[in-house]
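Visitor: Starting from these lines, generate the structure:
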Amino acid sequence: MFGQVLATEFRKLHHSKAPWATLAVLGLMPLGIALFMWIVREPGRAAELGLLGTKANLAGLEATWPEYFYMLTLIIGVGGMLLLAFIVAYLFGREYRDATAKNMLALPVARHWFALAKLAVAAAWWMALVVIVLIEALGIGLAMGLPGFSAALAGTGIANVFLAAVISFLLAPVISWIAVWSRGEVAPIAFSLVMLALGNLFGRTGWAEWFPYSIVPLLIGVVADPVDSLPAASYVVLTGTFAVGIAATLLQLRFADNAQ
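Guide: All right, here's what the predicted structure looks like:
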């Protein structure tokens, strides 16, 4: 039964323009990073074009592969939390926006299959975006001839990108619950914006490893020095957040009044 529901969800996504929109948004990010790299490397020419080469230098940015991977991880991690909120809110919330939720939930199919299928589609959608953008970013970095490249650095950088992507997805089920609870797309996206702000706030305290939305900034070093590895408590928090989010979504669909 799950396979049939999953196939239906993928077919619905096939006719949507949303995946292309998210690819366009995320695909612009490596180009933005490359622009900053070029500004730092060519401050004179950047100044002639009216770009802020001086401020880029003052920000401590270096046109090297380590800095390039750092910025890429930052975009996938922190930016991914917001983009994933859109993806999940779209998959769950559009059923209410298009007035199809009532019909969907009336089908002779256990309701939890719909939630699990949508989360599986979100995972596939998100990881496809990450892989495509990572390939794009590597191509751009090689074309720019950035110094400091090595196989070990590339392996570590790619691993950090995927770790940030996975951590971001572990927060997705909470968004799906809010989308089902609010019966729309606005509330989950607004929730994510608030959580990103709180994540930055808590990240500057000793509670960073315990607050789910501070863990990616903690890993990358947005609010402090980057950490080599996350503490065990952070993985426990992330796993618990993921499990609670799924349970809340399933219970909301199972017991709540889903009339439109």
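
Visitor: how about the helices in the stretch 1-150 of the chain?
Guide: Along the stretch 1-150 of the chain, counting by DSSP state H, counting those that start in this stretch, helices occupy 2-14, 18-41, 43-48, 53-58, 65-74, 80-97, 101-105, 111-144.

Visitor: For the fifth one, list every residue counted as buried.
Guide: Translated: helix 65-74. Within helix 65-74, the residues scored as buried using 16 or more other Cβ atoms under 10 Å are Trp65, Pro66, Glu67, Tyr68, Phe69, Tyr70, Met71, Leu72, Thr73, Leu74. Where you see a C-beta, it was placed from the backbone N, CA and C, and this is true even at glycine.

Visitor: what is the orientation angle of that helix with helix 80-97?
Guide: Taking axes from the mean of the first three to the mean of the last three Cα atoms, to 10 degrees, one finds that helix 65-74 is oriented at 20 degrees with respect to helix 80-97.

Visitor: So which elements touch helix 65-74?
Guide: In this structure, helix 65-74 packs against helix 18-41, helix 111-144, helix 151-170, helix 212-220, with contacts taken as 3 or more Cβ pairs under 8 Å, 6 or more residues apart in numbering; DSSP states H and E.

Visitor: Also the longest one?
Guide: In terms of contacts (3+ Cβ pairs under 8 Å, 6+ apart), helix 111-144 is packed against helix 2-14, helix 18-41, helix 65-74, helix 80-97, helix 101-105, helix 151-170, helix 172-182, helix 232-255.

Visitor: Reformat those helices into TSV and put mean pLDDT and distance to Ala137 next to each item.
Guide: What follows is the helices and strands packed on helix 111-144, written out as TSV (pLDDT from 0 to 100; distance: least, Cβ to Cβ, whole Å):
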stretch	mean pLDDT	distance to Ala137
helix 2-14	80	24
helix 18-41	90	4
helix 65-74	90	5
helix 80-97	88	14
helix 101-105	64	37
helix 151-170	92	9
helix 172-182	92	23
helix 232-255	90	25
